[in-house]
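> I'd like to go over a predicted model; first the sequence, then the structure.
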Amino acid sequence: MTAAVEAQEAVRLDVWLWASRFFKTRALAKQAIEGGKVKVGGAAGKPSKLLRVGDRLEITRGQDRYEIDVVALRAQRGPASVAQQCYRETESGRAAREAAAEQRRFAATGYTRPATKPDRRARRLIRALGDIDAF
């Protein structure tokens, strides 16, 4: 086979993640792969791993975990609508991701974030309260 035909049958993992808009740059995609945030077929991948149609990826971005199947290969970044056609999220992965988001939303219920950072006096009070709990 020629190199041109092989290039269409497989694409580097970091390039595909960048082209399908999971990461803003290839460098960020490479860092995520090397950090163990991307798995190919349940095993840790390498940035140079050749990705083929039908491969299953597990991608962790922040608190979200995506479980997707590769449907098409792209080596160039394009519009988001085209990028979304390159993968299909599994139903179990989508349900788990939405359930985790719902759980995070319920956990944050009742908590109101302060409008500003604590000033010097408030920080001293916070430290003093922390010391009381230590005994």
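Cool, got the structure.
> is residue 58 in a helix, a strand, or coil?
Secondary structure, DSSP: H, G, I helix; E, B strand; the rest coil: residue 58 is strand.
> what's the closest non-adjacent residue to it?
Sequence neighbours aside, residue 39 is the residue nearest to residue 58 in space, at 4.3 Å (criterion: CB to CB, 6 or more residues apart in numbering). In short, each C-beta sits where N, CA and C put it, glycine included.
> any idea which helix or strand carries that neighbour?
Assessed by DSSP states H and E, residue 39 sits inside strand 38-40.
> what pairs with that strand, parallel or antiparallel?
Its sheet considered, strand 38-40 pairs with strand 43-44 (antiparallel), strand 56-61 (antiparallel) by DSSP bridges.
> orientation of the helix ranked longest in the chain relative to strand 56-61 in degrees?
Looking across the chain with DSSP state H, the single longest helix is helix 91-107. Computed by axes from the mean of the first three to the mean of the last three CA atoms, to 10 degrees, the angle separating helix 91-107 from strand 56-61 equals 20 degrees.
> quick revisit: and the contacts of the strand holding residue 39?
Under the criterion CB atoms under 8 Å, 6 or more residues apart in numbering, residues 13, 17, 29, 32, 44-45, 49, 51, 55-60 lie in contact with strand 38-40.
> same thing with stretch 78-92?
The contact list for stretch 78-92 (CB under 8 Å, 6+ apart) reads 16, 19-21, 56-57, 66-74, 77.
> tell me where the chain has strands.
11-12, 38-40, 43-44, 50-51, 56-61, 64-70, 87-89 (DSSP state E).
> can you tell me which of these is nearest to residue 105?
strand 64-70 (13.1 Å; CB to CB).
> how far does the closest one sit from its chain's centre?
Distance of strand 64-70 from its chain centroid, counting by CA atoms, centre = their mean, to the nearest Å, is 9 Å.
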